[in-house]
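Engineer: Sequence plus predicted model, see below.
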2 protein chains.
Amino acid sequence: MEEVAEAILKYEGVIELTSAQIVAQREKQFSEQEQKLKTRMSKVRHKIAIISGKGGVGKSTVAVNLAVALAMHGHANRIGILDADIHGPSVPRMLGLTGQRLQSGPPGAFPASGTLGIKVVSMDFLLPDENAPVIWRGPMKMTAIRQFLSDIVWGDLDILLIDLPPGTGDEPLSIAQLLPEMDGVVIVTIPSKISQVIVKKSVTFAQQLGMPIIGVVENMSGFICPNCGKRSDIFESGGGQKIAQELNISFLGSIPIDQEICEDADRGEPFIVEHPNSAASKAFMEIVKKIEDSLKQKAEK
Amino acid sequence: MEEVAEAILKYEGVIELTSAQIVAQREKQFSEQEQKLKTRMSKVRHKIAIISGKGGVGKSTVAVNLAVALAMHGHANRIGILDADIHGPSVPRMLGLTGQRLQSGPPGAFPASGTLGIKVVSMDFLLPDENAPVIWRGPMKMTAIRQFLSDIVWGDLDILLIDLPPGTGDEPLSIAQLLPEMDGVVIVTIPSKISQVIVKKSVTFAQQLGMPIIGVVENMSGFICPNCGKRSDIFESGGGQKIAQELNISFLGSIPIDQEICEDADRGEPFIVEHPNSAASKAFMEIVKKIEDSLKQKAEK
C-alpha cells in the first residue's frame, strides 16, 4: 500500500517532533480519516461480512457467487466486495480481475469493476505480483482495512460484501469496530465437526461484538459422482443445519460440492453465470433470497 | 492464557511506576523468557513448521498424520505438536484430546499426551470451552506463542511439528523470529490454481525469512468414488507438483481425498493408525520418509 509506506516514511522524517506533537498529528489524521470513512460508508445501504472460523471452507467462493447472484437479482452495478483477506486475497482471481490496479483520481482510488459491474477492492491490486506475500503484523492490517473503507471511492452501493479471512483476530475485529452499523454476518461452514466447532467460535465472536447474524451457509455439502450419480459425504453432512439449530440462528442453505465451482474460480468466471442450472447455482439463488428477506425485515423494523 | 491475564493485571496494578521502570521490568522479563525458550528448545532436535498460504487445505490433518507416522517410524514418545493456530485450534480434536488441560508443576506446564506419546500444546487446552473464541490482536498472539515455547516442559524430543495458521502474518512471523534454528517448513497445498498462487506467497515468505523449505505436500488430490471407482479431480490436479517444479523445491507427495480422513479427524482417531492400508496412509508414510531423508542430509552437511 503506497500510502501506508508514505505515511511511515513521513513519520520517520519527523522524529524531531515531540511525542506530544506526533500524537496530536496522528489524532488529527485519524479523525479526518474517520470522517471520510463515515461519509463514504453512508452511501452504502447494506454491509454484510462473510465470515468463517475455519479457513478453506469456500468463504471467498460464497462471497463472490453471492455478489453475482445479488447483481443478477436487480442490483447490477450496485454491489461491492471488499476482500479483507490481506495475506491470501482470492476474490480478484475468482472474478477474472487478477493484475488489475486501482485507478486514482482526485476523490480517491476507484475499485476495480468485474462481472455485472461488481466493484472490488483487494490487497491483490496493490502487490507487485500475485506471488508477493504481505508480511504484516496486525496494526498494519488494521491500517490497510481502514484505508480500504475511507479512501476508496465506492460510490452508491446497495450492498457491500466484506470477505474476511478466517479466525477472530485483527481483520474481523477491525471491521467490527470500523463498521458498527453492519447489517450482519453470513457464516460459512463445511459439514465436518471440526469446522462446526470453529464456526461456533465465530458465532460467539459476532455476538460479543454486537454484529447481527444473518445465518449459516453449509458449503461442500456432499459430492455427486458425475459417473454413477452416487453421493459421497466427503466432509460429512448436516453440520450447518445442526449448528443453526443448536445456536438458534437461521440456516440459509447447503451448497453441494461441484468440480466446476473450483474450475470456474480458477478461470475467473463466476460459477453461477457459467452454470446457472446446476444444483449449486440454485442453492446460491435461494440463499440470496433469504439474505434479501432478512435485510427487508430489518428495514421494516 | 492465565499467565497473560495475570501479566496484564500486574501491569495495570503498577501504573505508579515510571515508564522507564516499566520498560526495564519488561526487558528483564523478556530476556529471562528468551533464555528459558533457548534452554527448552535446545532439547528439541528438529523443528519443522507446517504452513500453507490458504486455509482449509488440510494443514492440521497433515501435521497430525505426519506426527503419527513419525511416531510409528521409531520416534514414539519423542514427537511434539505445537498447535500455533490461536483462533482455530484443531489438533486436539483430531487426536482425541479435546477438553484436556495443561498440568502444571514446578518446572512449568506439561503438554497433553496423545496417540504413541505425541505431546501436544494448543490454545484449546486453555479455553473455558471449545466454542469460546479467542478475540486477540497480533501482539497477544505473539505473547502466547512465545510462552508455548518457553514455559512448556516439552522435554527431549526428536521432532517438534509446528502447525501454523494460514497466511503470512503474526503467528508465522513470530515462529520464524523465535526459532531461527528451524530445520525447515513443509508447505501444504490443494491442487487448485488459487491455492497455488497463495502457496507461492508462503514460499516467498519462508525464503525472505531464511527458513529452509523441506518441500510441498499436495492434499485433497483427487477423489475415487467408493461406488464406481471413477476418479474426480474435485479441486483439480497436479498443482503441488507444478509449484514444486516452478519454484525448484522438493515435491513430497500427493494425498488423495478420503472420506475416512475427515471422519477419523472428527472422531479424534488418527487416520493412518485406523486405515494403515489406504492409499492416503501410504502417501503419508512416503512423505515421512522424504522428510527424514531431508533432516538426515541436513545433519550430514
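Structural biologist: Looks like it arrived, so ask away. Numbers count the residues shown, from 1 in each chain, chains lettered A, B, ... in the order given.
Engineer: Going by C-alpha atoms from here, please, whenever you check contacts or count neighbours.
Structural biologist: Will do.
Engineer: how about the strands of the stretch 201-301 of chain A, start to end?
Structural biologist: Counting by DSSP state E, counting those that start in this stretch, the stretch 201-301 of chain A has strands at residues A:213-218, A:223-224, A:231-232, A:251-254.
Engineer: so which of the ones you listed gets nearest chain B?
Structural biologist: When the strands of the stretch 201-301 of chain A are compared by Cα to the nearest Cα, strand A:231-232 sits nearest chain B, at 7.5 Å.
Engineer: Pull up the pairing partners for that closest one, direction included.
Structural biologist: strand A:223-224 (antiparallel) (DSSP bridges).
Engineer: which residues sit against the strand it pairs with?
Structural biologist: For strand A:223-224, contacts defined as Cα atoms under 8 Å, 6 or more residues apart in numbering or on different chains pick out A:230-234, A:256-258.
Engineer: Mark which of those are buried, thanks.
Structural biologist: A:232-234, A:256-258 (16 or more other Cα atoms under 10 Å in any protein chain shown).
Engineer: List just the nearest of these to chain B.
Structural biologist: Of all the buried ones among the contacts of strand A:223-224, chain B sits closest to residue A:234, with 4.5 Å by Cα to the nearest Cα.
Engineer: between the contacts of strand A:223-224, which is nearest residue B:296?
Structural biologist: residue A:234 (36.6 Å; Cα to Cα).
Engineer: Name the nearest residue to the closest one, ignoring sequence neighbours.
Structural biologist: Distance criterion Cα to Cα, 6 or more residues apart in numbering or on different chains; nearest residue to residue A:234, sequence neighbours excluded, is residue B:259 at 4.5 Å.
Engineer: Would you agree residue A:90 is in contact with residue B:192?
Structural biologist: No. Using Cα atoms under 8 Å as the test, residue A:90 is too far from residue B:192 to be in contact (11.8 Å).
Engineer: Comparing the two, which residue is more hemmed in?
Structural biologist: Between residue A:90 and residue B:192, counted using other Cα atoms under 10 Å in any protein chain shown, the more crowded position is residue A:90 (28 against 23).
Engineer: Follow the chain on from the longest helix that chain A contains and name the next helix or strand.
Structural biologist: Secondary structure of chain A read by DSSP state H shows that its longest helix is helix A:19-42. The helix or strand immediately downstream of helix A:19-42 is strand A:44-51, counting by DSSP states H and E.
Engineer: How far off centre is that following strand?
Structural biologist: Distance of strand A:44-51 from the chain centroid (Cα atoms, centre = their mean, to the nearest Å) equals 8 Å.
Engineer: got the strands of the stretch 201-301 of chain A as CSV, with mean pLDDT and distance to residue A:56 columns?
Structural biologist: As requested, the strands of the stretch 201-301 of chain A are arranged in CSV below (pLDDT from 0 to 100; distance: least, Cα to Cα, whole Å):
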stretch, mean pLDDT, distance to residue A:56
strand A:213-218, 97, 13
strand A:223-224, 94, 17
strand A:231-232, 95, 19
strand A:251-254, 97, 16
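Engineer: right, and those - which one's nearest residue B:211?
Structural biologist: Short answer: strand A:213-218, nearest of the strands of the stretch 201-301 of chain A by Cα to Cα, at 37.0 Å.
Engineer: need the contact list for the residue lying closest to residue A:227 once chain neighbours are set aside.
Structural biologist: Excluding the flanking residues, the one nearest residue A:227 by Cα to Cα, 6+ apart is residue B:230, at 6.9 Å. Applying Cα under 8 Å, 6+ apart, we find residue B:230 in contact with A:225, A:227, B:224.
Engineer: Name the nearest of those relative to residue B:98.
Structural biologist: Residue B:98 has its nearest neighbour among those in residue B:224, at 31.1 Å by Cα to Cα.
Engineer: what bridges to the closest one?
Structural biologist: Residue B:224 forms beta bridges with residue B:231, as assigned by DSSP bridges.
Engineer: count of neighbours near residue A:269?
Structural biologist: Summarising burial for residue A:269: neighbours were counted as other Cα under 10 Å, giving 18.
Engineer: cool, residue A:240 as well?
Structural biologist: Other residues within reach of residue A:240, judged by other Cα under 10 Å, total 30.
Engineer: Now for it: which residues touch it?
Structural biologist: A:189-191, A:196, A:216-218, A:251, A:254.
Engineer: Go again with 10 Å.
Structural biologist: Taking Cα atoms under 10 Å, 6 or more residues apart in numbering or on different chains, we find residue A:240 in contact with A:187-193, A:195-196, A:199, A:215-219, A:221, A:246, A:250-254.
Engineer: Filter the residues you listed down to the buried ones and hand me the PyMOL line.
Structural biologist: Only the buried entries of the contacts of residue A:240 go into this PyMOL selection, using 16+ other Cα under 10 Å:
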select buried, chain A and resi 187+188+189+190+191+192+193+195+196+199+215+216+217+218+219+221+250+251+252+253+254
